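*Asks:* need a 3D model of the following:
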Amino acid sequence: MGPEILAYPFLFLAIFFESFLLVTLLSAPARSARGRAPHGANTSDETPSVAVIVPCWNEELTIAATCDSLLALEYPKEKLEIILVDDGSTDATSAVMARFAEHPQVRVITKENGGKHTALNTGIAATSAEFVGCLDADSFVEPDALREIIPCFARGEVAAVTAAMSIHRPQKLLQHMQNAEYTFGITLRHTLASVNGLYVTPGPFSFYRRNIVETVGGFKRGHQTEDMEMALRLQREGYEIENAPRARVYTTSPDTILKLVKQRTRWTAGFLRNVLGEYRSLIGDWNRGVLGMLILPTAVIAVGSGILLFALMLFLLLRDAFTALSIRADIPLSYTLLPHGSFDWFYFPANFYILLALITLGVSLGLIVFGKRLSKTPGKIGLGIISYVILYGLIAPLWLVRATADVTFGRHRGWRA
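*Replies:* Down below sits the predicted model:
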């Protein structure tokens, strides 16, 4: 047996997890969630009060468009409050915010820099709304997004609801890759929500019951992943997290590999530190159901398997390259580089390892297509799928290795380091 045998357990785990997603996706709870009717109440007596908090730190270029998208929400004006929190910005963010200060729905708060979690807590303390939401200052929402989210709070045990995220106007190939990844995430969150398996409430337009957030102690720094820390805390306390797959929100994305790796290093390191640290008791916890017995253990293993599979791919590539060089050692380079004969599928290097990898990839692409249809997100996804196939497996190991090294050696990076 060759070194490929090392990859079999991880590929089998990936196929098992994807099979779980497909079965759950076709289950009655997931189907009923897709058929949930949007919020139709129009009178103030039937409509709950909502506050959307926008924490800002040096967001002068995007905060105006973000606020405009919130003001366009199709929700009773007297029930919707927008709280802009300037977390000690050093650019012109406060000046841009001042343009909205006179709007009856907008409240502007300025504070010393303390981190996103302190900005969220400041906003929560300033409102008495029944539900509070968070929108990153580089994100934009569809007008009907809030009407899709509020019905998900129909059951009292639901403490939070997540939206459907996509990349805002992807331009570069790297951004198209992220758009496909985010679209896969739409399917993933929708499916996991049906079995209460969500462990993160992303910054773009996640909503919470204000009284529950205050009861559990508000937002914490959470190793620079406060949205994940809050979700894990809510799960540990026995609450549920729902998903609104047609509440569309768009977020800007890194446009270079360096920026993307920095962002994902922070996310991955935060995940490892939260799950393997304060919330490690959730792993294997039978009382947490699918979250404890499958989702969290699989997510931790996925970090290691991503690194191992990438290392194995490099090893096989280098091994085959050296073999090819040794065979062609006495053959002129000019002859070697020229094509000879015709391609025949009979000689394609097919083996069980490649078969499992293709199955895993095929199911992932199918889930991306489903996510786009489920959320009814406009635009084409073809370029995103192509770039996802070509780039994701090459770039993702970079942040997996970097984050794992940071956690292992106790290194803590800045927000954008």
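
*Asks:* endpoint to endpoint, stretch 104-120 covers what distance?
*Replies:* By Cα to Cα, to the nearest Å, the extent of stretch 104-120 from end to end equals 21 Å.

*Asks:* which secondary structure state does Ser253 sit in?
*Replies:* Following DSSP: H, G, I helix; E, B strand; the rest coil, the label given to Ser253 is coil.

*Asks:* please enumerate the strands of the chain.
*Replies:* In the chain, the strands defined using DSSP state E lie at 50-56, 80-87, 106-111, 131-134, 139-141, 158-167, 206-209, 240-251.

*Asks:* touching the third one from outside, list them.
*Replies:* By Cβ atoms under 8 Å, 6 or more residues apart in numbering, the surrounding residues in contact with strand 106-111 are 67, 71, 81-88, 94, 97-98, 100-101, 118-119, 122-123, 126. C-beta: built from backbone N, CA, C; applies to glycine.

*Asks:* could the strands of the chain go into CSV alongside mean neighbour count and distance to Leu22?
*Replies:* Output for the strands of the chain, formatted as CSV (neighbours: other Cβ atoms under 10 Å; distance: least, Cβ to Cβ, whole Å):
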stretch, mean neighbour count, distance to Leu22
strand 50-56, 26, 35
strand 80-87, 24, 38
strand 106-111, 17, 44
strand 131-134, 25, 31
strand 139-141, 24, 30
strand 158-167, 26, 19
strand 206-209, 26, 26
strand 240-251, 24, 16
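
*Asks:* wait, which of those is closest to Ile307?
*Replies:* Nearest to Ile307, of all those, is strand 158-167, at 25.6 Å by Cβ to Cβ.

*Asks:* tilt between the closest one and strand 240-251?
*Replies:* 30 degrees (axes from the mean of the first three to the mean of the last three Cα atoms, to 10 degrees).

*Asks:* CA-only coordinates of stretch 111-118 in CSV, if you can.
*Replies:* Extracted C-alpha coordinates of stretch 111-118, given in CSV (Å, rounded to 0.1, in the frame of the first residue of the first chain):
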residue,chain,number,x,y,z
LYS,A,111,-16.8,55.3,22.3
GLU,A,112,-13.1,54.5,23.0
ASN,A,113,-11.7,51.6,21.1
GLY,A,114,-12.3,48.4,22.9
GLY,A,115,-13.0,45.8,20.3
LYS,A,116,-16.1,44.7,18.4
HIS,A,117,-17.6,42.8,21.4
THR,A,118,-17.6,46.0,23.4
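
*Asks:* now do the buried residues in that stretch.
*Replies:* Within stretch 111-118, the residues that count as buried by 16 or more other Cβ atoms under 10 Å are Gly115, Lys116, His117, Thr118.

*Asks:* just put these in a markdown table and tack on distance to Leu312 and pLDDT.
*Replies:* Conversion of the buried residues of stretch 111-118 to a markdown table gives the following (distance: Cβ to Cβ, whole Å; pLDDT from 0 to 100):
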| residue | distance to Leu312 | pLDDT |
| --- | --- | --- |
| Gly115 | 39 | 94 |
| Lys116 | 37 | 96 |
| His117 | 39 | 97 |
| Thr118 | 43 | 97 |
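
*Asks:* show the pLDDT at Leu6.
*Replies:* Looking at Leu6, its pLDDT reads 76.

*Asks:* could you count how many residues lie near it?
*Replies:* Using other Cβ atoms under 10 Å, Leu6 has 15 neighbouring residues.

*Asks:* I'd guessed it sits against Leu312; true?
*Replies:* Yes. If you go by Cβ atoms under 8 Å, Leu6 and Leu312 touch, sitting 6.1 Å apart.

*Asks:* before we move on, back to that, could you dump the strands of the chain to CSV with distance to Leu308 and mean pLDDT?
*Replies:* Below are those laid out as CSV (distance: least, Cβ to Cβ, whole Å; pLDDT from 0 to 100):
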stretch, distance to Leu308, mean pLDDT
strand 50-56, 37, 98
strand 80-87, 39, 98
strand 106-111, 44, 97
strand 131-134, 35, 98
strand 139-141, 34, 96
strand 158-167, 29, 97
strand 206-209, 32, 98
strand 240-251, 30, 97
